[in-house]
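Engineer: prediction below, plus the sequence it came from.
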Amino acid sequence: MSEARAGLSGTARHVTVSAPGKVNLSLRVGPPGADGYHPVATVYLAVSLRETVTAIARTDGRVTVGPCPRQVSLVDAHDVPWDERNLAHRAAVHLRTALGLDEATHGVHLDVAKQVPVAGGMGGGSADAAAALLACSVLWETGHTRSELAELAAPLGADVPFAVLGGAAVGLGTGAELTPVAARTPVHLVLVPADAGLSTPVVFGTLDELRRDGHVPEGPAHPEVNQEVVRALTAADPLALATAMDNDLQTPAVALFPDLGDVLDLGLDEGALRGMVSGSGPTLLFVVPDEHSALSLATAVEERTGVRALPVHGPVAGAHVL
Ligand SMILES: C[C@@](CO)(OP(=O)(O)O)[C@H](O)COP(=O)(O)OP(=O)(O)OC[C@H]1O[C@@H](n2ccc(N)nc2=O)[C@H](O)[C@@H]1O
Ligand SMILES: Nc1ncnc2c1ncn2[C@@H]1O[C@H](COP(=O)(O)OP(=O)(O)O)[C@@H](O)[C@H]1O
C-alpha cells in the first residue's frame, strides 16, 4: 500500500467522478502577453476517453493523491507527479482554500484512474483537476453547481473549465472563457497517441520562435473564432469540419516531433477525411465520417505502425458523479 493511502479505512466516505479528455477542432493563437500566456480562439470537443477520480475522506486533514490501485491503465502514468504538483491535488487544495474550509476536517485522498495519454495535448491532467474539483465539492457538501465549479476552475489551467462543462464549446482568452456550441450529431475521430509527450509551454514557445524568425506568419493580437468549424459542428457535416479545422500549434509540434508528419500521411492514405495535431500534441486526431470508418481506420493504423489507435466520439458530458 502506498504511503499516501496508509490509514484510509475501507469504510471512509468517498465520491467517484468521471471527466473527459478533449481535442481542439480549431486552435488559433496570438502573440504572448506580459504574463507569458497567449490569447487563443479555440473550439473544444470533449471526447469519449475519460479520467476517473475517487475522492476518499481523510480524517487527518491531509491532501494526498495516487494512481488508482485497481486500474488496468491504458496509459503510462509514470510521468505523472503523484504529489502536490498533481493537478488533482492542486484542485482539492484550491477548492479548500478558495472556500475557506477548515483544513483539519477537510482532508482527502484522490485515487486517479488515467485513460487519457499523458502530455498528449488532450487535457488529461485538466480532466483530473475537473474531476477532483467536483468530487471534493460533493464530498465536502459545498453545494456548488457545475457552472460555479467551472468558474472556480480557471486558475488551475486554461483547459480545466472546459473539462468541468464538457460538450463542445468556443474558448477565448487563455481558453477558459467558454461559450457552448450545440453539436447536432456525434463527430467520429481516431486518436493516435505518441510514445512520448510534448510540454505545452515548449510548444507555445516554439511557435513564438518560428514566428519571430519569419518561418510562420504572425498571429493577430485577438484571434478570431473559426466560425466554419462551429457551423460544421452544428450542421453535423464531417467533411466540412475536416476541411475547416486548423491548429496554429501543429507546425511547432511537428517541428519538435517530426515523425508526426509520417503518421499524418499514413492516416490520410488509410481513408481519414483529415488529420491534425490535437492541441499542443503529440496526439494526432483523424476525422472520419462514421463509427464504422473509425474502427477500420484504427485497425489499419495499428497494423501499419504498431501503435494503439483509439476510435472515439464527441461531444460527451463534462464532469459528473458516477
Ligand atoms: C494547448 C492547450 C489547448 O487546449 O491544451 P493542451 O493541448 O496542452 O492540452 C491549452 O491552451 C493549454 O491548456 P492547459 O494545459 O490547461 O494550460 P495551462 O496549465 O493553463 O498552461 C500551461 C502553460 O501553457 C502556456 N499557455 C497555456 C495557455 C495559453 N492560452 N497560453 C499559453 O501560453 C503557458 O506557458 C502556460 O504556463
Ligand atoms: N493528473 C495529472 N495527469 C497528467 N499529468 C499531470 C497531472 N498533474 C500534473 N501533470 C503534469 O502536467 C503535464 C501535462 O499534463 P497533461 O494534462 O497530461 O497534458 P496536456 O497539457 O498536453 O494535455 C504532465 O507532463 C505532468 O508533468
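Structural biologist: Received it, and whenever you're ready, just let me know what you need. Ligands and ions are numbered 1, 2, ... in the order given.
Engineer: distance of the residue nearest to the spatial centre of the chain relative to residue 14?
Structural biologist: Nearest to the geometric centre of the chain sits residue 123, at 1.8 Å (Cα atoms, centre = their mean). According to Cβ to Cβ, to the nearest Å, residue 123 stands 24 Å off from residue 14. Where C-beta positions appear, they are placed from N, C-alpha and C, glycine not excepted.
Engineer: quick one: residues in contact with stretch 201-218.
Structural biologist: 29, 31-32, 36, 38, 219, 248-249, 251-253, 255-256, 280-281 (Cβ atoms under 8 Å, 6 or more residues apart in numbering).
Engineer: how about that stretch and ligand 2, any contact?
Structural biologist: No - Stretch 201-218 stays clear of ligand 2 (Cβ under 6 Å from any ligand atom), getting no nearer than 8.5 Å.
Engineer: could you see whether ligand 1 lies near that stretch?
Structural biologist: Yes - interface with ligand 1: stretch 201-218 contributes 201, 204 (Cβ under 6 Å from any ligand atom).
Engineer: could you pull up the mean pLDDT of that stretch?
Structural biologist: Taken as a whole, stretch 201-218 has a mean pLDDT of 97.
Engineer: just say helix, strand or coil for residue 88.
Structural biologist: helix (DSSP: H, G, I helix; E, B strand; the rest coil).
Engineer: dump the residue contacts of the residue nearest to the centre of the chain.
Structural biologist: Neighbours of residue 123 in contact, by Cβ under 8 Å, 6+ apart: 21-22, 116, 159, 162-163, 279.
Engineer: do the same with residue 97
Structural biologist: With contacts defined as Cβ under 8 Å, 6+ apart, residue 97 has no neighbours.
Engineer: let me know whether residue 32 touches residue 38 as I believe.
Structural biologist: Yes - counting by Cβ atoms under 8 Å, residue 38 is a contact partner of residue 32 at 5.0 Å.
Engineer: give the burial count for the residue of the stretch 201-322 of the chain found nearest ligand 2, as a bare number.
Structural biologist: Per Cβ to the nearest ligand atom, residue 280 is where the stretch 201-322 of the chain lies closest to ligand 2, at 5.3 Å. The number of residues packed near residue 280 is 29, by other Cβ atoms under 10 Å.
Engineer: what's near enough to touch it?
Structural biologist: Counting by Cβ under 8 Å, 6+ apart, residue 280 makes contact with 121, 198-200, 203-204, 249, 253.
Engineer: state the distance from it to residue 210.
Structural biologist: In terms of Cβ to Cβ, residue 280 sits 14 Å off from residue 210.
Engineer: next one: residue 164
Structural biologist: Counting by Cβ to Cβ - residue 164 and residue 210 are separated by 33 Å.
Engineer: distance of the closest residue to ligand 1 within the chain relative to residue 93?
Structural biologist: Taking Cβ to the nearest ligand atom, ligand 1 has its nearest neighbour within the chain at residue 279, 2.0 Å off. According to Cβ to Cβ, residue 279 and residue 93 sit 25 Å apart.
Engineer: in the stretch 101-250 of the chain, which spans are strands?
Structural biologist: 107-113, 168-172, 177-180, 187-192, 246-247 (DSSP state E, counting those that start in this stretch).
Engineer: the ones you listed into CSV, with extra columns for mean neighbour count?
Structural biologist: Converted to CSV, the strands of the stretch 101-250 of the chain look like this (neighbours: other Cβ atoms under 10 Å):
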stretch, mean neighbour count
strand 107-113, 24
strand 168-172, 22
strand 177-180, 15
strand 187-192, 26
strand 246-247, 20
